[in-house]
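S.K.: Please find the sequence and the predicted model below.
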Amino acid sequence: MENLKIHIIGGSIASRFGIEDKSWPELLEDELKGRAQVTHEIQYGLNFSRSIPHIAKTNPVDILILHFGIAVGWPVSYRKVDIKLGTTPLKNEYAYHQPNGRGRNLVRRIKNRVKFRIRNGIKYILFFTGQYKPRVNRGDLEDQIAAVLSVAQSKAREVVWIQHVPSWSMRT
């Protein structure tokens, strides 16, 4: 009997980011060792449109697991705002992400707290002025989901979709 082939494509939520133990794909691989061949790939900032090339290059499998986190509806500032402000933290789309843990010492924690407050202050100013919006229009989400499922179903007999935080969450 041939082993079941399972492939996992996930964002940072499926990685070990911020935790000491193994990620859930690694735990699943350990649990199914000998009964299934589990492979996984992590793409930080994974959203629906970014997942399509990863799915397309995947070899055919029995089960394809797609794990999306909050990057799906995560807001970003407009590029022209970033250019006008010209500050280093605004140079990438992850500029407003908050640290995932505490600093190693008191000085580092104080610095991180100050950065946290400044980032949130800028983020709220941009939000209330309409310059900080989700990168994907809510009206386009249904089309993107259909496209992802279409490609995924061509690569796997079964597709499992895990949405960590729905795109309509108040946080996103």
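M.R.: Yes, it's here.

S.K.: quick one: the strands in this protein?
M.R.: Taking DSSP state E, the strands of the chain run over residues 4-10, 36-42, 61-68, 75-77, 132-134, 156-163.

S.K.: mind putting these in TSV, mean pLDDT, mean neighbour count and distance to residue 111 included?
M.R.: Quick note: C-beta positions are derived from backbone N, CA and C, even for glycine. Shown next, in TSV, are the strands of the chain (pLDDT from 0 to 100; neighbours: other Cβ atoms under 10 Å; distance: least, Cβ to Cβ, whole Å):
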stretch	mean pLDDT	mean neighbour count	distance to residue 111
strand 4-10	94	21	31
strand 36-42	92	17	28
strand 61-68	94	21	32
strand 75-77	60	18	23
strand 132-134	68	16	24
strand 156-163	93	14	34
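
S.K.: The longest helix seen in the chain: which residues count as buried?
M.R.: What stands out as the longest helix in the chain, according to DSSP state H, is helix 106-128. The neighbour-count check on helix 106-128 (16 or more other Cβ atoms under 10 Å) flags 119, 122-123, 126 as buried.

S.K.: Need the mean per-residue confidence for it.
M.R.: Per-region confidence: helix 106-128 scores 81 on mean pLDDT.

S.K.: Which elements pack onto it?
M.R.: strand 75-77 (3 or more Cβ pairs under 8 Å, 6 or more residues apart in numbering; DSSP states H and E).

S.K.: ok, now with 10 Å
M.R.: strand 75-77, helix 79-85, strand 132-134 (3 or more Cβ pairs under 10 Å, 6 or more residues apart in numbering; DSSP states H and E).

S.K.: tell me the pLDDT at residue 79?
M.R.: 58.

S.K.: Next up, the contacts around the nearest residue to residue 8 once chain neighbours are set aside.
M.R.: Among residues not flanking residue 8 along the chain, residue 40 sits closest, at 3.8 Å (Cβ to Cβ, 6 or more residues apart in numbering). When contacts are counted by Cβ atoms under 10 Å, 6 or more residues apart in numbering, residue 40 touches 6-10, 14-15, 23-26, 28-29, 65, 67.

S.K.: and of the residues you listed, the nearest to residue 48?
M.R.: Using Cβ to Cβ, residue 9 comes nearest to residue 48 of the contacts of residue 40, at 11.4 Å.

S.K.: Name whatever forms a beta bridge with the closest one.
M.R.: residue 41, residue 66 (DSSP bridges).
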